[in-house]
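Colleague: Next come a sequence and a model predicted from it.
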Amino acid sequence: RTMSKERSRVRLPFKTIGAYSLPSLPMAMLLTPIIIYLPAFYAQHLGTSLSALGVLFFIGRLFDGITDPIIGRLSDRYSSRFGRRKPWLIIGTVPLMIATYLLCRPPEGSSAIYLLLALVLFYVAYTAVRIPYISWGAELSYNYAERNHISGLREMASMTGILLSVAIPYFFLKGDNASLDNIMLVFTISVFIFLPISTLIAARVPDSPRQISSKTYFFPDLHLIWKNRP
């Protein structure tokens, strides 16, 4: 408790919060094409109906809902000399880039099974990076107001990533070049640039130490949330 009070008085410099927030930009870019471009792209690429694609995307998201709490629990229990959250971001960047390539640049003649497997791989890799990353931000400071500042800056980076994912193809592709295939290519290249660079910058931010915590219980924890007036 004394350590928590001491850490609550420490203020993080803006460059530290900014460095932590940067990976949220390419992470937001990753989700936008799944909503906007991928259904139409695979309908064109596979010749599959949008209703069938909707089922495949639903199964992928359903599997994602299963892996979220598993990754969260593994991240809580993980410990290393580099921290317990940051290694997930650093190590998970490469599988996430591979999964993005497989999903956005399918080979000729790929089937609906390929799409489903690529979706599952992508969501697992994304979850393995995103869940520990969000938890890391909540542990950077014990100060309530500063945690809001950290979350706010991170979400600003997310909104910037969403805007860039739509704007970049618009600026680089014109006329006949603005096909779905070229849009996915430009998008993939952009993520391959932004994701590793932002991860390397964020890697300089100190990770939180391993915290010893008791088991969680549903109803007592709800009571704690209810007591939080904001």
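Modeller: Noted; the coordinates are in hand. Residues are numbered from 1 along each chain as shown.
Colleague: residues near the closest residue to A52 other than its chain neighbours, how many?
Modeller: Residue nearest to A52 in three dimensions, not counting chain neighbours: A112, with 7.0 Å by CB to CB, 6 or more residues apart in numbering. All C-beta spots, glycine's among them, are computed from the backbone N, C-alpha and C. Residues within reach of A112, counting by other CB atoms under 10 Å, total 14.
Colleague: next one: the one 3 residues further on
Modeller: The tally of other residues near L115 (other CB under 10 Å) stands at 23.
Colleague: try the one 3 residues further on
Modeller: Applying other CB under 10 Å, we find 23 residues neighbouring A118.
Colleague: swap in R81?
Modeller: R81: 6 neighbours (other CB under 10 Å).
Colleague: if I look at it, how far off is N228?
Modeller: 33 Å (CB to CB, to the nearest Å).
Colleague: Kindly report the same for A40.
Modeller: Distance, A40 to N228, using CB to CB: 43 Å.
Colleague: can you pull the buried residues of the helix or strand hosting G161?
Modeller: Here G161 sits within helix 144-172, counting by DSSP states H and E. By neighbour count on 16 or more other CB atoms under 10 Å, the buried set for helix 144-172 is 146-147, 150, 153-154, 157-158, 160-161, 164-165, 168-169.
Colleague: between these, which is nearest P132?
Modeller: R154 (13.7 Å; CB to CB).
Colleague: how much space between that closest one and L163?
Modeller: If you measure R154 against L163 using CB to CB, the figure is 15 Å.
Colleague: cool, and L185?
Modeller: 20 Å.
Colleague: Grab the nearest non-local neighbour of the residue most central in space within the chain.
Modeller: Closest to where the C-alpha atoms of the chain average out (CA atoms, centre = their mean) is R130, at 3.7 Å. Once flanking residues are discounted, R130 sits nearest to M27: 6.1 Å by CB to CB, 6+ apart.
Colleague: neighbours around the one you found, how many?
Modeller: Neighbours of M27 using other CB under 10 Å come to 24.
Colleague: buried stuff in the host helix or strand of it?
Modeller: Using DSSP H and E, the element containing M27 is helix 24-36. Across helix 24-36, burial judged by 16+ other CB under 10 Å covers 24-30, 32-34.
Colleague: Among the residues you listed, find me the one that's closest to N177.
Modeller: For those, the minimum distance to N177 (CB to CB) is 17.2 Å, reached by P33.
Colleague: tell me the contacts of the nearest residue to that closest one once chain neighbours are set aside?
Modeller: Distance criterion CB to CB, 6+ apart; nearest residue to P33, sequence neighbours excluded, is F187 at 5.4 Å. By CB atoms under 8 Å, 6 or more residues apart in numbering, F187 lies in contact with 29, 33, 37, 104, 165, 168-169.
Colleague: again, but for H45
Modeller: Counting by CB under 8 Å, 6+ apart, H45 makes contact with 106, 110, 181.
Colleague: same check, this time on F57
Modeller: Here F57 is in contact with 34, 38-39, 119 (CB under 8 Å, 6+ apart).
Colleague: Quick one: those residues as a markdown table, columns for pLDDT, distance to F218 and secondary structure too.
Modeller: Converted to a markdown table, those look like this (pLDDT from 0 to 100; distance: CB to CB, whole Å; DSSP: H, G, I helix; E, B strand; the rest coil):
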| residue | pLDDT | distance to F218 | secondary structure |
| --- | --- | --- | --- |
| I34 | 79 | 32 | helix |
| L38 | 85 | 36 | helix |
| P39 | 85 | 37 | helix |
| L119 | 91 | 31 | helix |
